[in-house]
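A.B. asks: I would like to see how this sequence folds:
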Amino acid sequence: MNKIPSFTIDHLRLLRGIYVSRKDEVNGEIITTFDIRMKEPNREPALGQGALHTIEHLAATYLRNEPQWKDRIIYWGPMGCLTGNYLLMRGNLEPQDILLLMQDTFRFIAQYDGEVPGAAPKDCGNWLLHDLPMARWEADKYLREVLEHMTAANMRYPEKAE
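C.D. replies: Numbering: from 1, shown residues only. Alright, predicted model coming up:
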C-alpha cells in the first residue's frame, strides 16, 4: 500500500507556518492544498475543538468574501489532529503567494467581535461547539508569532531522515 504523502513529513520537526501539502490537476486546472499549521505537532497542545471550529467559521467567511481571492477559494477546514487547517485554492500557488491573505484572515479572526457566522442550530451541525475568545487568542498568537515573522523554514516541510 502506498504511503500518503503527508505521512512522509517529519512531524517531530514541523514548525508552525504555511506549507504546500499537495497540488492536483482537476479538469486542466491546478488545485493547491495548503497546510495552515498553527501548532507544532506533538510539542505543544493542540487547538481546542471549540476554538478551531470558530476559526473554521470565521476564516471561511472571510476568505469567501475577500474581493481579490474569493473566486479562488475552494475549501477551508480543520485538520483532524487539531494542529491547523487545510486551505484548497485554484491555481498553482506557493506559501509566499498567500502570506498577506493569511495575515489578513487571522487579523480578521483575532479582532472579530460579534455573533459567529453560521453558529446557529439551523446553520451548523454542532452549533454549541464554539469558543470565540479562544479562537481570537489563537489567531492573534499565530499572527504575531508566525505569520508576521515567516521564514523559509515556516514554508518548507521537513523531510524524514530515513
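A.B. asks: Share the number of residues neighbouring the closest residue to Y112 other than its chain neighbours, please.
C.D. replies: Closest residue to Y112 apart from its sequence neighbours, by CB to CB, 6 or more residues apart in numbering: L58 at 5.6 Å. Just so you know, the C-beta spots here come from the backbone N, C-alpha and C atoms, and that holds for glycine as well. By the criterion of other CB atoms under 10 Å, L58 has 26 neighbours.
A.B. asks: after the longest helix seen in the chain, next one along is what?
C.D. replies: What stands out as the longest helix in the chain, according to DSSP state H, is helix 95-111. Note on helix 95-111: by DSSP states H and E, the next helix or strand toward the C-terminus is helix 132-145.
A.B. asks: how far off helix 95-111 does that following helix point, in degrees?
C.D. replies: Here helix 132-145 runs at an angle of 140 degrees relative to helix 95-111 (axes from the mean of the first three to the mean of the last three CA atoms, to 10 degrees).
A.B. asks: in helix 132-145, what counts as buried?
C.D. replies: For helix 132-145, the neighbour count (16 or more other CB atoms under 10 Å) marks L132, M134, A135, R136, E138, A139, Y142, L143 as buried.
A.B. asks: Any figure for the gap between the fifth one and K23?
C.D. replies: Applying CB to CB, to the nearest Å, the value for E138 to K23 is 28 Å.
A.B. asks: do the same with the third one
C.D. replies: Spatial separation of A135 from K23 under the definition CB to CB is 29 Å.
A.B. asks: now swap in the last one and tell me
C.D. replies: Taking CB to CB as the measure, L143 falls 26 Å from K23.
A.B. asks: coming back round to it: would you mind pulling the contact partners of the longest helix of the chain?
C.D. replies: 17-20, 34, 36, 55, 58-59, 62-63, 66, 68-69, 87, 89, 91, 135-136, 139-140, 142-143, 147-148, 150, 154-155 (CB atoms under 8 Å, 6 or more residues apart in numbering).
A.B. asks: Select from those every entry located in strands.
C.D. replies: Members of those lying in strands (criterion: DSSP state E): G17, I18, Y19, V20, F34, I36, L87, M89.
A.B. asks: ok, and the most crowded of the residues you listed?
C.D. replies: In terms of neighbours by other CB under 10 Å, the ones in strands among the contacts of helix 95-111 top out with I36 at 27 neighbours.
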